[in-house]
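**Q** need a 3D model of the following:
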Amino acid sequence: MNNFDIEFVKLENGIHSFQYEIDGSFFESFKNLDIQGAHVDVRVSLNKTESVLYFDIQGKGYLNFQCDRCLSEIQYPVNTDFKVVYHLNAVESKIDEAQEVNLDVFYLSGTQYKVNIADSIYESFLSEIPMVKRCDDVENNECNAEMIDCLEDLEENKEGKNEIDPRWEELKKLLNKEK
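**A** Numbers count the residues shown, from 1 in each chain. Here you go, the predicted model:
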């Protein structure tokens with residue numbers, strides 16, 4: 001993750017651009033098992049002033065997930081824009097207190113000379129990940145019909161077997177006696 005280090009002390013005040021290509025190994029390093037692969041172009045614009053670093057992180061590409069319904073692989077398109085602010089030369093005793101208030105604003109002490117933006121890039125994609133991942137959510141994509149048929153068959157078989165094992169009935173009687 002060292003390739004996401006930006007040594008801001010070497011940069012002059014003004015706007016600076018950085019570009020990264022993100023793949024599945026980036027998300028694996030954060031132990032994100034939902035994302036099975038990725039191809040995302042990330043452009044980072046840094047506006048450095050005397051006391052503040054303004055980062056604008058833009059990413060466009062796709063993330064690979066497994067469909068929650070049919071287990072097929074989905075290429076889910078992403079397009080994100082995320083902003084992060086770093087305040088420079090903050091008083092060290094106030095840094096921890098200030099960082100608990102707002103996650104998008106960070107405070108750097110006077111001894112720090114670089115920032116690693118990998119966490120910020122990762123966080124910019126977290127909001128893009130859907131809670132329920134389905135093939136139908138991606139344009140021109142449908143769930144695997146064979147798998148859906150198997151699931152429906154299993155559901156029908158389950159509904160027909162609502163008989164309760166008689167041993168459980170005997171245990172339920174014991175519970176009811178205690179009440």
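**Q** every contact and neighbour count from this point should use C-alpha atoms.
**A** Fine.
**Q** then Ser124 would be within a helix, right?
**A** Yes: under DSSP: H, G, I helix; E, B strand; the rest coil, Ser124 sits within a helix.
**Q** what's the local residue count around it?
**A** Neighbourhood size, Ser124 [other C-alpha atoms under 10 Å]: 19.
**Q** what does Asp149 give?
**A** Asp149 has 12 neighbours, counted by other C-alpha under 10 Å.
**Q** ok, now Val105?
**A** Look at Val105: counted by other C-alpha under 10 Å, it has 16 neighbours.
**Q** OK, contacts around it?
**A** Val84, Val85, Tyr86, His87, Gln99 (C-alpha atoms under 8 Å, 6 or more residues apart in numbering).
**Q** buried subset of those residues?
**A** Val84, Val85, Tyr86, His87 (16 or more other C-alpha atoms under 10 Å).
**Q** wait, the third one touches Phe106, no?
**A** Yes: the pair Tyr86 and Phe106 passes the contact test of C-alpha atoms under 8 Å, sitting 4.7 Å apart.
**Q** one step back: next, format the buried ones among the contacts of Val105 as JSON lines and append distance to Arg43 and secondary structure.
**A** Putting the buried ones among the contacts of Val105 into JSON lines (distance: C-alpha to C-alpha, whole Å; DSSP: H, G, I helix; E, B strand; the rest coil) gives the following:
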{"residue": "Val84", "distance to Arg43": "13", "secondary structure": "strand"}
{"residue": "Val85", "distance to Arg43": "16", "secondary structure": "strand"}
{"residue": "Tyr86", "distance to Arg43": "18", "secondary structure": "strand"}
{"residue": "His87", "distance to Arg43": "21", "secondary structure": "strand"}
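**Q** using JSON lines, lay out the residues you listed together with pLDDT and distance to Asn32.
**A** Shown next, in JSON lines, are the buried ones among the contacts of Val105 (pLDDT from 0 to 100; distance: C-alpha to C-alpha, whole Å):
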{"residue": "Val84", "pLDDT": "91", "distance to Asn32": "22"}
{"residue": "Val85", "pLDDT": "91", "distance to Asn32": "25"}
{"residue": "Tyr86", "pLDDT": "90", "distance to Asn32": "26"}
{"residue": "His87", "pLDDT": "87", "distance to Asn32": "29"}
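**Q** nearest to Phe27 among the residues you listed?
**A** Phe27 lies nearest to Val84 out of the buried ones among the contacts of Val105, by C-alpha to C-alpha, at 19.6 Å.
**Q** for that closest one, name its beta-bridge partners.
**A** Legend: beta-bridge partners of Val84 under DSSP bridges are Phe55.
**Q** for it, give its distance to Asn157.
**A** 53 Å (C-alpha to C-alpha, to the nearest Å).
**Q** just Leu175 next, same as before
**A** Distance, Leu175 to Asn157, by C-alpha to C-alpha: 30 Å.
**Q** I appreciate the help and will end here.
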